[in-house]
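1. Prediction below, plus the sequence it came from.
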Amino acid sequence: MSKTDSGAPPAAADWLRILSNYRDPSFRRSTFEIVVTAAPFVALWALAWAAWEFGYGWLSFLLAVPAAAFLVRLFMIQHDCGHGSFFKHRALNDWTGRVIGVLTLTPYDAWKRAHNIHHGTSGNLDKRGTGDLDTLTVAEYRALPFWGRMRYRLYRNPLVLFGLGPIYMFILRHRLPLGETIKHWRAWISPMATNAATAALIVGMMWLVGWKEFLLIQIPITLIAGVIGVWLFFIQHQFEDTFWAADGAWNVHDAALRGSSYYVMPKPLAWLTAHIGIHHVHHLYARIPFYRLPQVLREQTRLADASRVTLWQSFKCARLALWDDTQRRLLSFREARKIAHH
C-alpha cells in the first residue's frame, strides 16, 4: 500500500517530495515512445497517399483521423521535451522538441516559454493572458459594454473555440511572436526557424507526392489534430469545480491539484493522448515523463480521486465560460443570467 493510502492526506505542497520519486526518464522507453508514435503516423500518411494513387482518395479522409491522433501524440512528446522530462539531457529534449515542432506547426522554444508561464500562473486571476484560455469572471463580464460581451460570447462559442480556434492557433498565431515579445529580435528566432523548416518540408512533400495530394492529405490531418489538441487543453482547466483565485489567495500547488483535471478516458484514448489527461499530477510535478503518470495513480491512489472529469462529463463542460467568485465554480452564460435575475 502506498504511503498516501493511510493517515492524513498530503498537502498539495507535500506532493512535490512524493512525486519526485517518479521524475527520472528512461532513454530506452522515451526512444520507444517516439518510434511507436512517429512510425504509425508516417505509415498512415503513406497509406493515404497510396489511396490517392490507386483511385481511392476517399479512404485518405478516413485515415486522417488516426493519423491526426498520432500527430497529437507527437505534440505531447514535444510537450514533455519542453518540460525537460522526456530525456535526461536538455539538448536532447530541446532538439527533439524542435524537430517535432516542424510537424505540429508549433515553434518549440516560443511555445516552451509561454507554456512554462502557464504552469506558473494557471488559476491566478491577476496573471491571466499567457498560455491559457481567456476566462472572465461573472463580474468582469457584466461590466463589459454590449459589444464586449458579444465578442466574449462569440469567443467562447464551441463552434468558434473548437472550429476556428485550432485554425487560428496552429496555422496563423504560431507563425509570428505576439504581444510584447514581438519587440525583441530573439523572440523571432523560434517561429521563423520553424516556419522555414516547415516550408522546406511542405515544398519537398509537394514535389514528391504532388501539391494537390499533399494538401488533401495534410490539411484534414492538421485540422483534426488541432481540434483534438484545443479540446484537450480546454478540458484540462475548464471544468466546473476548477480553481481560480486572486494573487493573494493563489497558491501554485493548490492551483495544480484543484485547478487541473484528471480527465478519465478509455485506455486507448489515454495512450493516444500520452496520458495528458492526468493533468493534475503533471501540474503538480511537470518533470514526470508522461509514461510514468499511470504508475503515479496506481501507487498514489488519493490522486486518482482528485479533480476527476469523465469523458461524458467533459462534453457538458463545453458550455462553461464564466468564473463565479461567490460559488467558486465555472458557470455557463445561462446560469450566470439566472443568478443576475434573482
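-> That came in fine, so what should we check first?
2. Give the helix, strand or coil label for Val309.
-> strand (DSSP: H, G, I helix; E, B strand; the rest coil).
3. Next up, the contacts around the closest residue in space to it that isn't next to it in sequence.
-> Closest residue to Val309 in three dimensions, ignoring its sequence neighbours and counting by Cβ to Cβ, 6 or more residues apart in numbering: Ser261, at 4.6 Å. Using the backbone N, CA and C atoms, a C-beta is placed for each residue, glycine as well. The contact partners of Ser261, taken as Cβ atoms under 8 Å, 6 or more residues apart in numbering, are 235-237, 239, 242, 277, 279-280, 307-309.
4. Kindly recompute the last result at 6 Å.
-> Contacts for Ser261 were tallied using Cβ atoms under 6 Å, 6 or more residues apart in numbering; they are 236, 239, 279, 307, 309.
5. So which of those is the closest to Ala249?
-> Lowest distance from Ala249 to the contacts of Ser261 (Cβ to Cβ) belongs to Ser307, with 18.5 Å.
6. which regions of the chain sit below the pLDDT cut-off?
-> Applying pLDDT under 70 to the chain flags the ranges 1-13, 178-183, 185, 340-342.
7. That one: strands as residue ranges?
-> Assigned by DSSP state E, the strands in the chain fall at 136-137, 262-264, 308-310, 320-324, 329-332.
8. contact partners of the longest one?
-> Think strand 320-324. With Cβ under 6 Å, 6+ apart, strand 320-324 has contacts from 135, 137-138, 141, 156, 238, 244, 330-333, 336.
9. quick one: which of those is nearest His119?
-> Relative to His119, the closest of these is Trp244; by Cβ to Cβ it sits at 15.6 Å.
10. if we can go back for a sec, as CSV, the contacts of Ser261 with distance to Asn195 and neighbour count would be great.
-> Conversion of the contacts of Ser261 to CSV gives the following (distance: Cβ to Cβ, whole Å; neighbours: other Cβ atoms under 10 Å):
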residue, distance to Asn195, neighbour count
Gln236, 27, 24
Phe239, 35, 23
His279, 30, 23
Ser307, 37, 23
Val309, 36, 23
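11. how about CSV for those residues, with distance to Ala51 added?
-> As requested, the contacts of Ser261 are exported to CSV (distance: Cβ to Cβ, whole Å):
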residue, distance to Ala51
Gln236, 34
Phe239, 39
His279, 36
Ser307, 42
Val309, 37
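12. Kindly indicate which of those lies nearest Pro166.
-> For the contacts of Ser261, with Pro166 as the reference and Cβ to Cβ as the criterion, the closest is Gln236, at 15.5 Å.
13. residues contacting the closest residue to the closest one other than its chain neighbours?
-> The spatially closest residue to Gln236, leaving aside those adjacent along the chain, is His279, at 4.5 Å (Cβ to Cβ, 6+ apart). By Cβ under 6 Å, 6+ apart, the contact list for His279 reads 236, 260-261.
14. Quick one: the helices in the stretch 201-342 of the chain, in order.
-> Assigned helices in the stretch 201-342 of the chain, in chain order: 211-237, 252-259, 267-272, 279-284, 293-299, 311-316, 333-341 (criterion: DSSP state H, counting those that start in this stretch).
15. Give me whichever of the ones you listed is most buried.
-> Most buried of the helices of the stretch 201-342 of the chain, by mean neighbour count (mean count of other Cβ atoms under 10 Å): helix 279-284, with a mean of 24.
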